[in-house]
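>>> when you get a sec, could you give me coordinates for this:
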Amino acid sequence: MWATADDVIADWIGEDVPTNKALVSRWVARAERYLRREIPSLQARIEEGAEPDLRETVVDVISAMVARVFRNPEGIRQRQETDGSFTGSITFAGDTPGELFLTDRERDSLLAPQDRKGAQTAFTFGPDNYAGGGHRPWCSLMFGAKYCSCGVDIAGRPIFEEA
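Coordinates of the predicted model:
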């Protein structure tokens, strides 16, 4: 178990703090199961310890997920109130208000660093990767083009872009 009902209650901002710890604990357990399904590698990465703040981030995300459920248990999309000449409205975020869900930012914070949005990876290729007789790795055909840019189609071997 990563988070507790006390974590959710301690993180609560504003009034209407949940008082039924057993109910909060059930929702915390649901949120944890949700995270295990969505990000199966999470437990192993926490145990590995290579990402120093991962466990705390998981607790933060679970707390936020459960708080969203408790702040809008009826699953209302929008609430509008009128009192005389004054009107106010509140619109709840998310595709499924009142249910457990991960925001894109929360999901990104729980993914492995190489899987996060905007993560960049480097790769190299060159003569060492070339087996001969075929197209060069950087030939236009390797990227879905219709025509060869390395010369194999006309000479049987690469004649352009020689290394």
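
>>> in which helix or strand does the residue nearest the centre of the chain reside?
Centroid-nearest residue in the chain, with Cα atoms, centre = their mean: residue 107, separated by 2.6 Å. In this structure, residue 107 is located in helix 104-110 according to DSSP states H and E.

>>> what is the subsequent helix or strand relative to that helix?
helix 152-155.

>>> what mean pLDDT does that next one get?
Averaged across helix 152-155, pLDDT comes to 80.

>>> for it, packing partners?
Helices and strands touching helix 152-155, as assessed by 3 or more Cβ pairs under 8 Å, 6 or more residues apart in numbering; DSSP states H and E, are absent. Heads up, the C-betas are built off the backbone N, CA and C, glycines and all.

>>> what does that helix rub up against?
133, 134, 135, 136, 139, 147, 148, 158 (Cβ atoms under 8 Å, 6 or more residues apart in numbering).

>>> do that again at 10 Å, thanks
With Cβ atoms under 10 Å, 6 or more residues apart in numbering as the test, helix 152-155 has contacts from 133, 134, 135, 136, 139, 141, 147, 148, 158, 159, 160.
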